[in-house]
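A.B. asks: Following is a predicted model, sequence given first.
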Amino acid sequence: MLSLEPERIVCVYCASSRSCHPEYHQAAFRLGVVLADDGYTILYGGGGSGSMGALADGALSHRGRVVGVLPKFMADLEWGHNGLSQLELVEDMRTRKHLMLSRSHAVVALPGGSGTLEEWFEAVSLKRLGLYLNPIVLVNTRGFFDPLLQVLSLAVAERFMDERHKAMWQVVAEPEQVPGAINSAPAWSHSAREFSTQ
């Protein structure tokens, strides 16, 4: 089992793609540095390539603590990062997602594909239901999340979501803004259930 101090753990969702624009990997590396310098433990998916690897490398280069949560089949495929502070092997993707979210003090999402987006939406959905109460931050490198934010605004405009739901996440342009966004995020409570279906 993981032995972490929960008040300083940031769960980071990010991608493993090696083929995306280099700016995404650079932003991931910078985020790792920023979180390490701020004293956060990074809890992420354990991968060694793409933004995942860059995030871990950035934090480790500044003596940060990085904990990976990796499904066993990915370890068998040698997809894991070899230099982490701690690596937790789990049975499947669902266990991985639950462990990462339940242990975290905040969630940060970097640009990524379907897996990253699915993880982020699950965190937001649980926050809407008052089951996850911590800050959720999007790092909008290269304006990647602009279309997503437009869809969410449309969901509010069409009354599938309440205007108050927009406070569930914060958006920053640069990794260096993440600690400030975490610290200044609006408080959220179980009372969110009162307007979750309005």
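C.D. replies: Yep, it's here.

A.B. asks: ok, residues contacting the least confident helix or strand in the chain by mean pLDDT?
C.D. replies: Of the helices and strands making up the chain, the lowest-confidence element is helix 72-76, at a mean of 85, by mean pLDDT, DSSP states H and E. For helix 72-76, the external contacting residues (C-beta atoms under 8 Å, 6 or more residues apart in numbering) are 46-47, 80, 89-91. Where C-beta positions appear, they are placed from N, C-alpha and C, glycine not excepted.

A.B. asks: Counting neighbours, which of those end up buried?
C.D. replies: Neighbour-count burial (16 or more other C-beta atoms under 10 Å) applied to the contacts of helix 72-76 gives 46-47, 80, 89-90.

A.B. asks: And the least confident helix or strand of the chain, what's buried?
C.D. replies: Here helix 72-76 shows residue 74 as buried, counting by 16+ other C-beta under 10 Å.

A.B. asks: name the helices or strands packed onto whichever helix or strand comes after that helix?
C.D. replies: On the C-terminal side of helix 72-76, the closest following helix or strand by DSSP states H and E is strand 86-90. Using 3 or more C-beta pairs under 8 Å, 6 or more residues apart in numbering; DSSP states H and E, the elements in contact with strand 86-90 are strand 65-71, helix 72-76, helix 93-102.

A.B. asks: Out of these, point me to the one whose mean pLDDT is lowest.
C.D. replies: Comparing mean pLDDT over those, the weakest stretch is helix 72-76, at a mean of 85.

A.B. asks: from the chain's centre, how far out does that helix sit?
C.D. replies: From the chain centre to the centre of helix 72-76 is a distance of 21 Å (C-alpha atoms, centre = their mean, to the nearest Å).

A.B. asks: hang on, the earlier thing: any chance of the contacts of helix 72-76 in TSV, plus distance to residue 189?
C.D. replies: Conversion of those to TSV gives the following (distance: C-beta to C-beta, whole Å):
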residue	distance to residue 189
46	32
47	34
80	37
89	35
90	30
91	33
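
A.B. asks: Next, the buried residues of the strand or helix carrying residue 153.
C.D. replies: According to DSSP H and E, residue 153 maps onto helix 146-157. By neighbour count on 16+ other C-beta under 10 Å, the buried set for helix 146-157 is 148, 152.

A.B. asks: CA atoms only for it, dumped as CSV, please.
C.D. replies: Coordinates of each C-alpha in helix 146-157 appear next as CSV, following Å, rounded to 0.1, in the frame of the first residue of the first chain:
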residue,chain,number,x,y,z
ASP,A,146,-10.3,25.5,-25.5
PRO,A,147,-12.8,23.2,-27.4
LEU,A,148,-13.6,21.2,-24.3
LEU,A,149,-14.3,24.4,-22.3
GLN,A,150,-16.6,25.6,-25.1
VAL,A,151,-18.6,22.3,-24.9
LEU,A,152,-18.8,22.6,-21.1
SER,A,153,-20.1,26.2,-21.5
LEU,A,154,-22.6,25.0,-23.9
ALA,A,155,-23.7,22.3,-21.4
VAL,A,156,-24.3,25.0,-18.9
ALA,A,157,-26.1,27.3,-21.5
